[in-house]
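J.: I need the structure of the sequence given here:
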Amino acid sequence: MVGRRWDVAITEPWDFARPKWEMRLREYVLEHGRLRGEHAIDYFVFPKGLYDHVPPFAVGRPATTAG
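T.: Residues are numbered from 1 along each chain as shown. Just a heads-up that it's a prediction; the model follows:
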């Protein structure tokens, strides 16, 4: 899976039980969020229950290419 990250501050729990929650979230992100550049591809996806405790992650650094 590859994609770019949106930075958005969600300061209260999102109610996933509300009707059309996904559409509302998309609208909120488009209005309040910021799409990051091509280096912001830091997704971490795990199946539910894989970790009882999520281990600490190393801080990533952008890759550079010789040019």
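J.: Please report how far residue 50 lies from residue 56.
T.: 15 Å (C-beta to C-beta, to the nearest Å). In short, each C-beta sits where N, CA and C put it, glycine included.
J.: try residue 41
T.: In terms of C-beta to C-beta, residue 41 sits 20 Å off from residue 56.
J.: These two: which is more packed in?
T.: More crowded of residue 41 and residue 56, by other C-beta atoms under 10 Å: residue 41, with 14 against 6.
J.: For the more buried one, give me its contacts.
T.: Going by C-beta atoms under 8 Å, 6 or more residues apart in numbering, residue 41 touches 2-5.
J.: Quick check: the farthest pair among those residues?
T.: The two members of the contacts of residue 41 with the most space between them (C-beta to C-beta) are 2 and 5, at 11.1 Å.
J.: shared neighbours, the two?
T.: Common contact partners of residue 2 and residue 5 (C-beta under 8 Å, 6+ apart): 41, 43.
J.: More neighbours: which of those two?
T.: The neighbour comparison of residue 2 against residue 5 (other C-beta under 10 Å) goes to residue 5, with 15 against 5.
J.: okay, now the nearest residue to that one once chain neighbours are set aside: neighbour count?
T.: For residue 5, ignoring the flanking residues on the chain, the nearest one in space by C-beta to C-beta, 6 or more residues apart in numbering is residue 40 at 4.2 Å. Neighbourhood size, residue 40 [other C-beta under 10 Å]: 15.
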